[in-house]
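In: give the three-dimensional model of this entry:
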Amino acid sequence: MKESMIINSIVLIGLMCMMGSSGISWNFVSTVSATSLSDTNTGAQSANFNYTVTLATSMGTIVIGLFDDMPITTGNFENLTQLGYYDGTIFHRVVHDFVIQGGDLSGKGIVVPKILDELPNRHSNIRGSVAMAKTTQPNSATSQFYINLVNNTYLDTNYSVFGEVIQGMDVVDSISSVQTDLNDRPLQDVTVLTAQLQAIPEYASWVFLAFFIVVVLFVVMIHKEAQGKGSSAFV
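Out: As a prediction, the model looks like this:
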């Protein structure tokens, strides 16, 4: 019957769409915004994330969304994370009501090339944002990064913001309260046990699935209505 052929065609199209979407899941540009994911106590700024980095620390878990419009800075952070360079590092600088800073690889004997600044900033050094630390010289950032504890917008002219804490800002605040020495180094190490790069979940396949189910239901409804009127449209 024509009805069966139509339904089968719709099902086949739906399955093909789902398979196709799953095949591009790693390149899918998420429209999840920082505002929708961030803890309520962060100054969330609107941006798209393709990837997140989960920092499992000795004081809890911090999840950072990486902005997709900062290819140099975000790309550098992603690469260092994938190489496992951040595993076992510490937050070596903690300044209450300012920043917590980590990513120093000198203790592991790793030398990282300097990267170009991405300025002027597309984002701001507000509470919860993540930026690359560097010397006073331009284009001197390597691996060190910091998380802003408060709005430090005066840093925007010199320090590239590439991400934002989307989960675990309470952990960041806890780290900011540890005791430090005169050089702002914690008296007890706060360690990044592991850093893992993850793609934002792919939602496209679910959209296609919902679409083709709705179409099938619509066709069935139309057929039943036609049968009720004695129509032979699907015969």
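In: residue ranges with poor pLDDT in this protein?
Out: Residues of the chain meeting the criterion pLDDT under 70: 1-47, 201-212, 223, 226-235.
In: domains of it?
Out: 2-26+203-228, 29-199 (automatic domain parsing).
In: now the helices for the chain?
Out: Assigned by DSSP state H, the helices in the chain fall at 2-23, 34-37, 71-82, 169-176, 204-228.
In: now the domains of the chain as TSV including mean neighbour count?
Out: All C-beta atoms are positioned from the backbone trio N, CA, C, and that covers glycine. Converted to TSV, the domains of the chain look like this (neighbours: other Cβ atoms under 10 Å):
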stretch	mean neighbour count
domain 2-26+203-228	14
domain 29-199	18
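In: alpha carbons only: can I get stretch 187-199 in PDB?
Out: The C-alpha trace of stretch 187-199 is given here as PDB (Å, rounded to 0.1, in the frame of the first residue of the first chain):
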ATOM      1  CA  LEU A 187      51.100  26.000  51.700                       C
ATOM      2  CA  GLN A 188      49.500  22.700  50.700                       C
ATOM      3  CA  ASP A 189      49.500  21.700  47.000                       C
ATOM      4  CA  VAL A 190      46.200  22.000  45.100                       C
ATOM      5  CA  THR A 191      46.800  19.500  42.300                       C
ATOM      6  CA  VAL A 192      45.200  19.000  38.900                       C
ATOM      7  CA  LEU A 193      45.000  15.200  39.000                       C
ATOM      8  CA  THR A 194      43.800  14.900  35.400                       C
ATOM      9  CA  ALA A 195      42.600  17.300  32.700                       C
ATOM     10  CA  GLN A 196      40.300  15.800  30.100                       C
ATOM     11  CA  LEU A 197      39.100  17.300  26.800                       C
ATOM     12  CA  GLN A 198      35.500  16.500  25.800                       C
ATOM     13  CA  ALA A 199      33.300  17.500  22.900                       C
END
